[in-house]
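Q: generate a structure from the sequence data that follows.
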Amino acid sequence: MAPRHIALVLLCVLVWGGSFSVIRWGLQDLPPLAFASLRFGLVALLIPFVPRPNTSWRTIVVYGLGWGAVQFSGLFLAIHHGMPTSLSSVLAQSQVFFTMLFGMVLRLESLNARKGLSLGLALTGLSIIASDESAEVPLIAMALSLMGAAGWASGNIVVRIVATAGQRSDSPAFIVWASLMPALTLAALSAAFENHQTIFNLTTASAVPAAIAVLYQSLGALLIGTLAWNRLLRHYPATTVASFSLLTPIIGLSIGCLFWGETLSISAFVGSTFLLFGLISNLSVTTVHAK
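A: Just a heads-up that it's a prediction; the model follows:
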């Protein structure tokens, strides 16, 4: 990778690594779907000032639903239902393997022995985490985390297809317009299933951290982070870029332990290790191919 692209990778993982703890912080005062909707809604407010990107409505809608509504409803609900931020940052990286699987289904990627090994290690790790009876992580939280990872992967595939067609998805216009669909979808789900009394009862003391959490999620993690991520996807294969997100769980784990006092059970630690080894193995595959 060129030095400027390595800098973009580091920017992404730093912003996204801290994002999981910011989500938990914001969920103390905001319902999960409403919080996720505000994350996209704040960026979507820029639509009147940004021309529509030179991509089809279908691309904008499909990307917005997968990358936006599916990914972040899964992530926010998982943390809301008891998923530790440290473990959620690890499970989110299963998007690498969903990206690989979706790519193979669509014939954008091919399976070989090393990729098979990577998938095997990842599945072993996920199985160990899911079978941990001593952990206080509900299965629904784990399922929601994996749903979010699959949504992230679908966005990777859409961006790669768009880039192959010679179109751009790394412009502010694309991110702003793509934010409209998840903002509306998540707002509708929130209106149907959530109690918003907590929002109306916010005091000044609680409204300030809630606002900071929304601003971090929308302007930092969403606008800046996604722009940098999509620019990388424009220049490199989706699996190659996705593998560099390996650094994100390291930051997420560190912040979760330092600020929230979270600890991983032995099974969760072993499972996370298998999953991370799968990511490392997949990274070595893409590096060899890049040469």
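
Q: tell me the gap between stretch 85-97 and the middle of its chain.
A: Its chain's C-alpha centre and that of stretch 85-97 lie 8 Å apart, by CA atoms, centre = their mean, to the nearest Å.

Q: buried residues, it. List them.
A: Applying a neighbour-count criterion of 16 or more other CB atoms under 10 Å, one finds 85-97 buried in stretch 85-97. All C-beta atoms are positioned from the backbone trio N, CA, C, and that covers glycine.

Q: using CSV, please lay out the residues you listed together with secondary structure and distance to P237.
A: As requested, those are exported to CSV (DSSP: H, G, I helix; E, B strand; the rest coil; distance: CB to CB, whole Å):
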residue, secondary structure, distance to P237
T85, helix, 30
S86, helix, 29
L87, helix, 28
S88, helix, 26
S89, helix, 24
V90, helix, 23
L91, helix, 23
A92, helix, 20
Q93, helix, 17
S94, helix, 18
Q95, helix, 14
V96, helix, 12
F97, helix, 15
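
Q: next, give me the two most distant ones among those residues.
A: Spatially, the most separated pair among the buried residues of stretch 85-97 is T85 and F97, at 21.1 Å (CB to CB).

Q: what segments of the stretch 151-291 of the chain are helices?
A: 172-178, 180-193, 197-200, 204-215, 225-235, 238-243, 247-260, 266-290 (DSSP state H, counting those that start in this stretch).

Q: next, format these as JSON lines and append distance to L27.
A: Output for the helices of the stretch 151-291 of the chain, formatted as JSON lines (distance: least, CB to CB, whole Å):
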{"stretch": "helix 172-178", "distance to L27": "24"}
{"stretch": "helix 180-193", "distance to L27": "13"}
{"stretch": "helix 197-200", "distance to L27": "10"}
{"stretch": "helix 204-215", "distance to L27": "8"}
{"stretch": "helix 225-235", "distance to L27": "19"}
{"stretch": "helix 238-243", "distance to L27": "26"}
{"stretch": "helix 247-260", "distance to L27": "12"}
{"stretch": "helix 266-290", "distance to L27": "21"}
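
Q: out of those, flag the one nearest A130.
A: That would be helix 266-290 among the helices of the stretch 151-291 of the chain, by CB to CB, at 8.0 Å.

Q: for that closest one, the averaged confidence score.
A: Averaged across helix 266-290, the pLDDT comes to 68.

Q: correct me if wrong: I255 contacts I23.
A: No. Contact criterion CB atoms under 8 Å: I255 and I23 do not qualify, at 11.4 Å.

Q: S19 and A192: what is the separation?
A: 26 Å (CB to CB, to the nearest Å).

Q: what about these two, which has more around it?
A: S19 (26 against 8; other CB atoms under 10 Å).

Q: who's in contact with that one?
A: Contact partners of S19, counting by CB atoms under 8 Å, 6 or more residues apart in numbering, are Y216, Q217, G220, A221, G225.

Q: mind checking pLDDT for the third one?
A: Which is G220. Confidence for G220, expressed as pLDDT, is 88.

Q: tell me, how many residues neighbour it?
A: 17.

Q: spatially nearest residue to R39, not counting backbone neighbours?
A: Nearest non-adjacent residue to R39, counting by CB to CB, 6 or more residues apart in numbering: Q217, 4.3 Å away.

Q: how many neighbouring residues does that neighbour have?
A: 25.

Q: isn't it up against G26?
A: Yes. Here Q217 reaches G26: they are 7.2 Å apart, a contact under CB under 8 Å.

Q: which neighbours do those two share?
A: Residues touching both Q217 and G26 comprise F35, with contact defined as CB under 8 Å, 6+ apart.

Q: nearest to Y236, of the buried residues of stretch 85-97?
A: Using CB to CB, V96 comes nearest to Y236 of the buried residues of stretch 85-97, at 13.5 Å.

Q: and the closest one, what's its pLDDT?
A: For V96, the predicted pLDDT is 80.
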